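In: Give me coordinates for this.
(chains A, B and C)
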Amino acid sequence: MTADRRAGTATASAGTGRGGPVPVLRTESLTERFGGLTALNNVSIEVPRGEIRAVIGPNGAGKSTFFNCLTGVLRPTSGRILFNGEDIAGLPPHRISQKGIARSYQITNILPNATTLENVRLAAQSRRHGWSLLTHYAAFADILDRAHAILAAVGLADKADELAANLSHGEQRNLEIGIALATEPQLLCLDEPTAGMSAAETHDTMELVRRISRDLTIMIVEHDMQVVMELAQQITVLHYGEVLAEGTPAEIQRNPRVLEVYLKT
Amino acid sequence: MSATPARTAPLVAVEGIHTYYGKSHILHGVSLEVKTGEVVGLLGRNGVGKSTTLKTIMGLVHPTEGVIQLEGRPITRLPAYRLAKLGIGYVPEDRRIFRLLTVMENLRTGLDRHGVAESRKRELLDKVFQYFPVLAERRNQAGGTLSGGEQQMLAIARAMMLEPKIILLDEPTEGLMPRMVSQIREIVGALHAEGVAILLVEQNVPLTLEASQRVYIMEKGVVRHHAPASDLRHDDAVIHQYLGV
Amino acid sequence: MTIPVDQILIQTLNGIVTGMILALVASGLTLIFGIMDVVNFAHGELFMLGAYVGTTTMVMSGNFWLSLVVATMTIALLGAAIQVTTLRPLLGRDPLTTILATFGISLVLQNYALWQYGPVPRKILEPFTGHFNFFYLEYPWYRLVIALLSAAIITALYLFLKFGTYGVWIRATTQDRIMAAAMGIPVPAVHTIVFAIGSGMAAASGVLFGPLIGVNHAMGLDWVLKAFIVVVVGGMGNLGGSILASIFVSLLEAYASLVVSPAQAVIVSFVALILTLLFRPTGLFVPTPK
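Out: Predicted structure coming up:
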């Protein structure tokens, strides 16, 4: 099973400082303080290439802050964020996006008055060609092809010419994932991708994530435990800004400290 | 005409509620009820819609489908200030006390109602200061200068000023030290002893099971399980399934 | 070039007088914005209509103080009517919608005044004339009285907000209208009352200022512009700030008109506005949020 093979690779390369492949993401003592509040405290994690990593934790654990530091929305107070070995902590969001980290948001960020295809095409364009005011977009056939391919990957191929505002909520969230994909990321950060979805839509999104995970490393913040347990190969549990536990879904489900935190027993 | 139906009719009945935030479909048909004087727990993981359920009952957000009844009369799309007057008190998740008003002024927002005698107002204040002596000490301090636990006390005290029939409590123990958590537990008990019904949303499972008579457990926008608290205290399997990891 | 001291003193007094009247207008504006997030572009027209109602009542009764009261009450009612019919349905919508609505109302009111009263400016007679001695200078009594009266009205407002029963309701609704509603405060009614109070205060300024300038249908425009500058400089929604800013800006203009013409002195206000927006956008007199 693909999942087992990847899990094996993950455990083999976890904690490898030298030798073995460079992890896609490694944070070293990542700390974020806002005045008196420490949102992240010495968070050190490592995500190997190709893994699906879920980040879970109770309210206020620091999950969103973590993503915000990764994607440049927040500048960390201290610590390093190594993306493919390069420290990106404190870089502005557009630079981080260029380096290959993409993010989908909890509140949908699509352009409602553009078509589904245009939404994805615009994102795809950001990766290629510089300023060219006079060339018609249709001339960039490669970008159009890529946009169509992404729409197919997120299951919106038949809605290409539909205005994004007319999509259902689940379709909009999937479009958002498509937009993130169009920037050709190596690391895709999904922030509560199934929030506000019905059971059927959640199932579709899970299938989507499985499909696209083949060539990508994915980090996902989720509250829906069913999604987390079925999708994730490794889980990082945050609590009050610190890493409480890390492990496979089975390990986390049995971890007494995690149970204590979630059930407050 | 039998008096029994009136006695067993619920104080608050929620049926088939669907609530959206924009396009996000948060509640997919929630149904629950709270009887007069009962403490009912509402458990579930983050993001399942517990807070949204309370906000819908309080009229802060309107459902697209479904009915809410208070003592048998429909209140589904009434504005929040009408519901407060009808006897629903609300203590939100982030407390939301009026930071620039003093403790006393915070209490007055609920106390200064029409048709309440001055003597009754004084009684209410005395009672609340008995429950929360720290608020009496800080009565002229601005709400924003209080500690987290004190703000939680103030938020509950403020709701009590309305003399409500039911208080909707949203995660009152979140972020509080253990000592304050037990204080909250006592307050819930005291309110119950006075006959005030409570719908308690919490992440603290043991506290909820201890304080409540019945418990609903939500998942992904619907109620998935409903049992007397006494049953759930020993049903680890259900607890783990819906609330664990 | 030296400026004679007595001119500086006179301008100081003028600045304070103008500042107090501006404060009356601006505090209504900032109160309305603070509680319901409405940028009331019709505020200047409420000022203007207050002055006109003042002229009409003066003509009928000859009593300045009666005119003041009648104008304030009438325009307060008008404000309440406008809020209930036009602004209450727009609560919670895109702020641009309310801006357009109040702008539209301002146009309607301006043209109504033009139609009703004609284009010739009117005058309100000062209730009393005469000067008092300020050191070795003479300064008109009336100006001093309107400054004191404005200060009295603003103080009354402050006391009402701080100590009155409904004052607490207004302050609570301004801070958190959701929780105010959850406490049983009838938020829609509070909004209407605040709009009425703000309108009444604008009308009162119109009558008080009437004797100093001509009353015409366009007099609101200058004043609402100044009021907006003052509200931004003082901090949007900050009552104390807008009062301080009114006096500050008016003094600046008064001093500036010693060296340049009054028409050019207005530039000073805009400079103050730009500097505030650049360096202390939450308001000069508001502590910078961390």
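In: Which secondary structure element is home to A:Arg75?
Out: Applying DSSP states H and E as the criterion places A:Arg75 outside every helix and strand.
In: helix/strand/coil for the residue nearest to it when sequence neighbours are not counted?
Out: Once its chain neighbours are removed from consideration, A:Arg75 has its nearest residue in A:Gly90; the separation is 4.6 Å (CB to CB, 6 or more residues apart in numbering or on different chains). Every C-beta, even on glycine, is put in place using the N, C-alpha and C of the backbone. Here A:Gly90 is coil, with the state taken from DSSP: H, G, I helix; E, B strand; the rest coil.
In: if I read this right, A:Gly90 contacts A:Pro76, doesn't it?
Out: Yes - when contacts are counted by CB atoms under 8 Å, A:Gly90 is listed as touching A:Pro76 (6.7 Å).
In: if you count what's nearby, which of these two comes out ahead?
Out: A:Pro76 (23 against 14; other CB atoms under 10 Å in any protein chain shown).
In: Show me where the stretch 1-150 of chain C has its strands.
Out: Assigned strands in the stretch 1-150 of chain C, in chain order: C:131-134, C:137-140 (criterion: DSSP state E, counting those that start in this stretch).
In: got CSV for those, with distance to chain B, mean pLDDT and mean neighbour count too?
Out: Written out in CSV, the entries for those read as follows (distance: least, CB to the nearest CB, whole Å; pLDDT from 0 to 100; neighbours: other CB atoms under 10 Å in any protein chain shown):
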stretch, distance to chain B, mean pLDDT, mean neighbour count
strand C:131-134, 39, 71, 12
strand C:137-140, 39, 80, 15
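In: export these to JSON lines and tack on distance to chain A?
Out: Rendered in JSON lines, the data for those read as follows (distance: least, CB to the nearest CB, whole Å):
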{"stretch": "strand C:131-134", "distance to chain A": "50"}
{"stretch": "strand C:137-140", "distance to chain A": "51"}
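In: how about the ones you listed, which one is nearest C:Asn63?
Out: Counting by CB to CB, C:Asn63 lies closest to strand C:137-140 out of the strands of the stretch 1-150 of chain C; the figure is 19.9 Å.
In: Could you list the residues in contact with that closest one?
Out: In this structure, residues lying in contact with strand C:137-140 by CB atoms under 8 Å, 6 or more residues apart in numbering or on different chains are C:6, C:9-10, C:13, C:126, C:129-133.
In: so what strands line up beside it?
Out: In the sheet containing strand C:137-140, its partner strands are strand C:131-134 (antiparallel), by DSSP bridges.
In: what about the strand it pairs with, distance to the chain center?
Out: 27 Å (CA atoms, centre = their mean, to the nearest Å).
In: Chain B versus the residue nearest to A:Arg75, what's the distance?
Out: When distance is defined by CB to the nearest CB, to the nearest Å, A:Gly90 is 29 Å away from chain B.
In: and that residue, what does it touch?
Out: Remark: with contacts taken as CB under 8 Å, 6+ apart, A:Gly90 is in contact with A:72, A:75-76.
In: where in chain B is pLDDT low?
Out: When residues are selected by pLDDT under 70, those of chain B lie in B:1-8.
In: What's the nearest residue in it when you look at chain A?
Out: Among all residues of chain B, B:Ser24 sits closest to chain A, at 2.9 Å; criterion: CB to the nearest CB.
In: Now that residue: phi and psi?
Out: When quoted as degrees, to the nearest 10, the phi and psi of B:Ser24 stand at phi -80, psi 120.
In: count of residues packed around it?
Out: Burial of B:Ser24, expressed as a neighbour count using other CB under 10 Å, amounts to 18.
In: so how far is chain C from it?
Out: Note on B:Ser24: its distance to chain C, by CB to the nearest CB, is 18 Å.
In: can you tell me which residues contact the nearest residue to that residue once chain neighbours are set aside?
Out: Excluding the flanking residues, the one nearest B:Ser24 by CB to CB, 6+ apart is A:Gly196, at 2.9 Å. By CB under 8 Å, 6+ apart, A:Gly196 lies in contact with A:169, A:173, B:20-21, B:23-26.
In: quick one: B:Ala136 and B:Phe129 touch, right?
Out: Yes - the pair formed by B:Ala136 and B:Phe129 meets the contact definition of CB under 8 Å, at 3.9 Å.
In: pLDDT weak spots in chain A?
Out: By pLDDT under 70, the weakly predicted segments of chain A are A:1-20, A:129-135, A:137-139, A:265.
In: Looking at it, which strand is longest?
Out: Under DSSP state E, the strand in chain A containing the largest number of residues is strand A:25-34.
In: What lies in contact with that strand?
Out: When contacts are defined by CB under 8 Å, 6+ apart, strand A:25-34 is touched by residues A:38-47, A:62, A:65-66, A:69-70, A:74, A:76-83, A:89, A:187, A:217, A:219, A:241.
In: Mind giving me the PyMOL command for buried ones among those?
Out: Typed into PyMOL, the line below selects the buried ones among the contacts of strand A:25-34, using 16 or more other CB atoms under 10 Å in any protein chain shown:
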select buried, chain A and resi 38+39+40+41+43+45+46+47+62+65+66+69+70+74+76+77+79+80+81+82+83+89+187+217+219+241
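In: thought C:Val187 was touching C:Ala181?
Out: Yes - judged on CB under 8 Å, C:Val187 makes contact with C:Ala181 at a distance of 4.8 Å.
In: In contact with B:Leu135, which residues?
Out: Shown here is B:Leu135, whose contacts under the criterion CB under 8 Å, 6+ apart are B:103, B:107, B:128-129, B:150, B:153-154, B:157.
In: cool, B:Tyr242 as well?
Out: Contacts here follow CB under 8 Å, 6+ apart; on that basis B:Tyr242 touches B:43-45, B:217, B:219, B:224-225.
In: again with C:Leu49
Out: Applying CB under 8 Å, 6+ apart to C:Leu49 gives the contacts C:75, C:78, C:109, C:113, C:203, C:206.
In: where does chain A come near chain B, residue by residue?
Out: Taking CB under 8 Å from any CB of the partner chain as the criterion, chain A approaches chain B at residues A:56, A:58-60, A:108, A:168-169, A:172, A:192, A:195-199, A:202, A:223-225, A:228-229, A:237, A:252-253, A:258-259, A:262-265.
In: Count the neighbours of B:Ser230 for me.
Out: A count of nearby residues for B:Ser230, using other CB under 10 Å, gives 13.
In: my hunch is that it is in a strand, does that hold up?
Out: No - counting by three-state DSSP, B:Ser230 is located in no strand; its state is helix.
In: now the residue of the stretch 1-150 of chain A found nearest chain B: how far from A:His223?
Out: Here the residue of the stretch 1-150 of chain A nearest chain B is A:Asn59; by CB to the nearest CB that distance is 5.7 Å. Here A:Asn59 is placed at a distance of 9 Å from A:His223 (CB to CB, to the nearest Å).
In: So between the two, which is more surrounded?
Out: Taking other CB under 10 Å, A:Asn59 and A:His223 do not tie; A:His223 has more neighbours (20 against 13).
In: Which residue is the nearest non-sequential neighbour of residue 117?
Out: Reading this off chain A. The spatial neighbour of A:Leu117 that comes closest, neighbours along the chain excluded (CB to CB, 6+ apart), is A:Ala160 at 4.2 Å.
In: looking at chain C here, not the other one
Out: Here the nearest residue to C:Tyr117 in space, its sequence neighbours aside, is C:Tyr52; by CB to CB, 6+ apart that works out to 5.7 Å.
In: Can you get me a residue count around that neighbour?
Out: C:Tyr52 sits with 25 neighbouring residues when counted by other CB under 10 Å.
In: Also C:Val108?
Out: When neighbours are counted by other CB under 10 Å, C:Val108 registers 14.
In: Equivalent analysis for B:Arg185, please.
Out: With neighbours defined by other CB under 10 Å, the count for B:Arg185 comes to 18.
In: shouldn't it be in contact with B:Thr208?
Out: No - contact criterion CB under 8 Å: B:Arg185 and B:Thr208 do not qualify, at 9.9 Å.
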